[in-house]
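S.K.: Provide a 3D model corresponding to the input given below.
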Amino acid sequence: MGRLVQNHSTHIEGLIKWLKNIAATDEVKTVTPASLSKTNGRGENLCLKVTVKTNEGYKLLARKGRLVQEVFIVTNLGESEVIEIIKKANPKSYRKKKGC
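M.R.: Coordinates of the predicted model:
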């Protein structure tokens with residue numbers, strides 16, 4: 001079971017619940033939400049995507065509305081396995097989503 005590092009005071013609404021579910025996975029060591037910024041897009045649902053492989057794991061992007069937040073995961077798993085963990089950990093996975 002990994003840990004969720006919360007070193008920022010602001011997060012995208014609903015993201016922390018999702019990240020807690022990801023951190024509860026045995027193969028994930030650390031989940032760290034990072035900088036929050038604004039973008040031009042405006043997707044209404046919370047979306048989490050794997051973007052870049054880092055030295056220790058993966059960088060993800062969380063998007064909702066006009067906000068985007070980086071999330072770093074420390075793990076030894078492959079990208080496809082991380083994607084499956086993200087899908088299974090989604091607290092609203094019973095709904096079909098467009099986009100992500």
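
S.K.: Which parts of the chain are helices?
M.R.: 15-23, 79-89 (DSSP state H).

S.K.: Go through these and name the closest to L36.
M.R.: Between L36 and these, the tightest spacing by Cβ to Cβ is seen for helix 15-23, at 9.6 Å. C-betas here are computed from N, CA, C, even on glycine.

S.K.: State the mean pLDDT of that closest one.
M.R.: Mean pLDDT, helix 15-23: 94.

S.K.: Can you tell me the centre-most residue of this structure?
M.R.: With distances taken as Cα atoms, centre = their mean, L48 lies nearest the centre of the chain, 4.8 Å away.

S.K.: Return the residues in contact with that residue.
M.R.: Applying Cβ atoms under 8 Å, 6 or more residues apart in numbering, we find L48 in contact with 15, 18, 60-62, 71, 86, 90, 100.

S.K.: What is the nearest of those residues to G78?
M.R.: For these, the nearest to G78 is I86 (13.0 Å; Cβ to Cβ).

S.K.: Any buried residues in stretch 39-49, and which?
M.R.: Buried residues in stretch 39-49, counting neighbours by 16 or more other Cβ atoms under 10 Å, are found at 43, 46-48.

S.K.: To what extent is N21 buried, counted in neighbours?
M.R.: By other Cβ atoms under 10 Å, 18 other residues sit near N21.

S.K.: which residue sits closest to the residue located most distally from the centre of the chain in space, ignoring its chain neighbours?
M.R.: Distance from the C-alpha centroid of the chain peaks at N40, with 19.7 Å (Cα atoms, centre = their mean). Spatial nearest neighbour of N40, chain neighbours left out: R66 (7.4 Å); criterion: Cβ to Cβ, 6 or more residues apart in numbering.
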